[in-house]
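Visitor: quick check, what structure comes out for this input:
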Amino acid sequence: MTYKQTIDFLFSQLPMYQRIGPAAYKNNLDNTLALSNHCGHPEKTFKSIHIAGTNGKGSVAHMLASIFQEQGLNTGLATSPHLVDFRERIKVNGKMISRKYVTDFVTKNRTFFEEIKPSFFEMTIAMTFQYFADQKVDVAVVETGLGGRLDSTNILEPELSIITNIGLDHTHLLGNTLEKIAREKAGIIKKQIPVVIGRKQENIHHVFLSRAGELEAKLMVASDLYKAVNSRFINKDARVLQQVDFMVPKGGRKRIFTDLLGGYQQENLVTALTATDVLKNLWVPLTDEAIERGLSRVMVNTGFKGRWYQVGKRPRVIFDAGHNTDGLHATIKQLMEQDFENLHIVLGMVDDKDIEGLLSLFPAKALYYFCTPNIPRGLDAAVLHSRARLLGLEGKTFPSVYQALKFAKTKAGKKDLVFVGGSTFVVAEVV
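Guide: Numbers count the residues shown, from 1 in each chain. Reported below is the predicted structural model:
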């Protein structure tokens, strides 16, 4: 098989949640366990950090991977979904898995795949763990795909579990209340393995306390330990960085620089810092220098992009892949704090979201360019436009994200701001 044939096989023959939705979701780990057994249990050959949560898990994963790389550890990173290239999901030291490895793995195991019919994600995780084992990684930072309890990544026995926060997303699969979703995410907590909770949410915190208590897992709440007190953007070493000052657990302050510029990254920094405190005492003596350099070089070390990602200056164009209520609320808040003459918003969504709820977060004082993401779940731009008009959002419709962005740029003045978002898949087409 060629690489293209391999990718076509993965996308067309094996269900992929991001493209087709609930039909790809499996409610058990049977296939994952069968794949692990077939491959010789590669996930047992390396140490891991396991991360779940509604928002921020990808950012925290990239932060920790960057820190480990700065510490000199051979570091695997598993995230989803990808923006442009399937291989973004599987990296070692910031470098994507090779096309040859992807092709060879699928070719070698295709007969078994066709026998048990795993989902896209189940097969991808099998490939990921096998690759990390073959690359002899010292540690892998692994983000869950969906939920936690029944996620294919949940066969790991990690050094540390992390749950960033809980919001209403994928409610048709994980439950329609925060407590139900929290119980699914809490499924990654393992017996006597410490767990960091990123944001303390009083109405559901008992879920994590109960689960951790049952499993004798030491639980720490990051938001109780570190407090961001101020932040600003600076130019340092020819780069724009976000400088954040924190109150630290033992008193005093800690100053952190990061190349991730979203204001919401402050919460993720708190989670990452707490995780490093745990790991210092538990597993590897991470140095302050490795932590500080890692956080200042997340994009450089890991290739992370798509979160408050800015290109161009006149006009500025900002991409952000936030796509649920919590994520978009934080993004729109920061957007409205920017300086601009006119705001242009290139907006697309997928059809299984709370469309009206998400649209209500967007400002009426903006020019909108509604578009359809190029996936089966993509919400038709005309439908999005009609729903948006009911909330006072006015604009034009376009058949593709590319055409919408191209037109927005022609209309934007040098002091204007163009924002592109609403869905990971909108950003993926043009980033």
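
Visitor: state the mean pLDDT of stretch 82-93.
Guide: What stretch 82-93 shows for mean pLDDT is 95.

Visitor: buried sites along that stretch?
Guide: His82, Leu83, Phe86, Arg87, Glu88, Arg89, Ile90, Lys91, Val92, Asn93 (16 or more other C-beta atoms under 10 Å). (Glycine included, C-beta is placed from N, CA and C.)

Visitor: once you drop chain neighbours, what's closest to the first one?
Guide: Leaving aside its sequence neighbours, His82 sits nearest to Glu88 (C-beta to C-beta, 6 or more residues apart in numbering; 3.9 Å).

Visitor: hang on, that neighbour in a helix?
Guide: Yes. Assessed by DSSP: H, G, I helix; E, B strand; the rest coil, Glu88 belongs to a helix.

Visitor: didn't it look like it was pressed against Gly94?
Guide: No. Judged on C-beta atoms under 8 Å, Glu88 makes no contact with Gly94 at a distance of 10.8 Å.

Visitor: give the intersection of the neighbour lists for the two.
Guide: Both Glu88 and Gly94 are contacted by Gly303, under the criterion C-beta atoms under 8 Å, 6 or more residues apart in numbering.

Visitor: spit out the contact partners of the residue nearest the centre of the chain.
Guide: Centroid check for the chain by C-alpha atoms, centre = their mean gives Gly58 as the closest residue, at 2.9 Å. By C-beta under 8 Å, 6+ apart, Gly58 lies in contact with Thr79, Glu143, Phe304, Arg307.

Visitor: if we use 7 Å, what do you get?
Guide: Counting by C-beta atoms under 7 Å, 6 or more residues apart in numbering, Gly58 touches Thr79, Glu143.

Visitor: mind pulling up the pLDDT for it?
Guide: 95.

Visitor: just use 35 as the starting number from now, easier for me
Guide: With the count now opening at 35, the last piece we talked about shows up as Gly92.

Visitor: distance check, it against Phe139.
Guide: 23 Å (C-beta to C-beta, to the nearest Å).

Visitor: same question, Glu463
Guide: Counting by C-beta to C-beta, the gap from Glu463 to Phe139 is 27 Å.

Visitor: quick one: buried residues of stretch 318-332?
Guide: For stretch 318-332, burial by neighbour count (16+ other C-beta under 10 Å) applies to Val318, Leu320, Ala324, Ile325, Glu326, Arg327, Gly328, Leu329, Ser330, Arg331, Val332.

Visitor: helix, strand, or coil at the fourth one?
Guide: Three-state secondary structure (criterion: three-state DSSP) places Ile325 in helix.

Visitor: for the second one, same thing?
Guide: Recorded secondary structure, Leu320: coil (three-state DSSP).

Visitor: so it sits right up against Val312, yeah?
Guide: No. With contact defined as C-beta atoms under 7 Å, Leu320 does not count as touching Val312 (10.1 Å).

Visitor: host element of Gln235?
Guide: Assignment of secondary structure by DSSP states H and E places Gln235 within no helix or strand.

Visitor: shaky segments in the chain?
Guide: Applying pLDDT under 70 to the chain picks out residues 47-61, 203-207, 209.

Visitor: can you list the domains in it?
Guide: Following automatic domain parsing, the chain resolves into domains at 37-258, 343-464.

Visitor: and the helices in the stretch 335-465 of the chain?
Guide: Applying DSSP state H, counting those that start in this stretch to the stretch 335-465 of the chain gives helices spanning 359-369, 389-393, 415-423, 435-445, 458-464.

Visitor: help me confirm that the residue nearest to the centre of the chain is found in a helix?
Guide: Yes. Assessed by three-state DSSP, Gly92 belongs to a helix.

Visitor: any idea how far Pro319 is from Glu375?
Guide: Pro319 is 51 Å from Glu375, by C-beta to C-beta.

Visitor: helix or strand for the closest residue to Thr88 other than its chain neighbours, which one?
Guide: The spatial neighbour of Thr88 that comes closest, neighbours along the chain excluded (C-beta to C-beta, 6+ apart), is Gly201 at 3.8 Å. For Gly201, there is no helix or strand it lies in under DSSP H and E.

Visitor: wait, what's in contact with Gly201?
Guide: Counting by C-beta under 7 Å, 6+ apart, Gly201 touches Thr88, Asn89, Asn358, Thr359, Asp360.

Visitor: kindly recompute the last result at 10 Å.
Guide: Contacts for Gly201 (C-beta atoms under 10 Å, 6 or more residues apart in numbering) come out as 87-90, 212, 215, 233, 235, 358-361, 363.

Visitor: pick the most deeply packed of the helices of the stretch 335-465 of the chain.
Guide: Highest mean neighbour count of the helices of the stretch 335-465 of the chain: helix 458-464, a mean of 23 (counted as mean count of other C-beta atoms under 10 Å).

Visitor: hmm, Val263 and Val304 touching each other?
Guide: No. Using C-beta atoms under 10 Å, Val304 is not in contact with Val263; the gap is 11.6 Å.

Visitor: who has more neighbours, the two?
Guide: Using other C-beta atoms under 10 Å, the more surrounded residue of Val304 and Val263 is Val304, with 27 against 11.

Visitor: now do the phi/psi pair for the more buried one.
Guide: Phi and psi for Val304, reported as degrees, to the nearest 10, are phi -60, psi -40.

Visitor: ok, and the closest non-adjacent residue to it?
Guide: Excluding its sequence neighbours, the residue lying closest to Val304 (C-beta to C-beta, 6+ apart) is Tyr260, at 4.3 Å.

Visitor: tally up the residues packed near that neighbour, please.
Guide: 23.

Visitor: now the strands for the stretch 85-234 of the chain?
Guide: 109-112, 124-126, 129-130, 173-177, 194-197, 229-231 (DSSP state E, counting those that start in this stretch).

Visitor: could you dump the ones you listed into CSV and include distance to Val351?
Guide: Listed next are the strands of the stretch 85-234 of the chain as CSV, based on distance: least, C-beta to C-beta, whole Å:
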stretch, distance to Val351
strand 109-112, 27
strand 124-126, 26
strand 129-130, 25
strand 173-177, 27
strand 194-197, 32
strand 229-231, 35
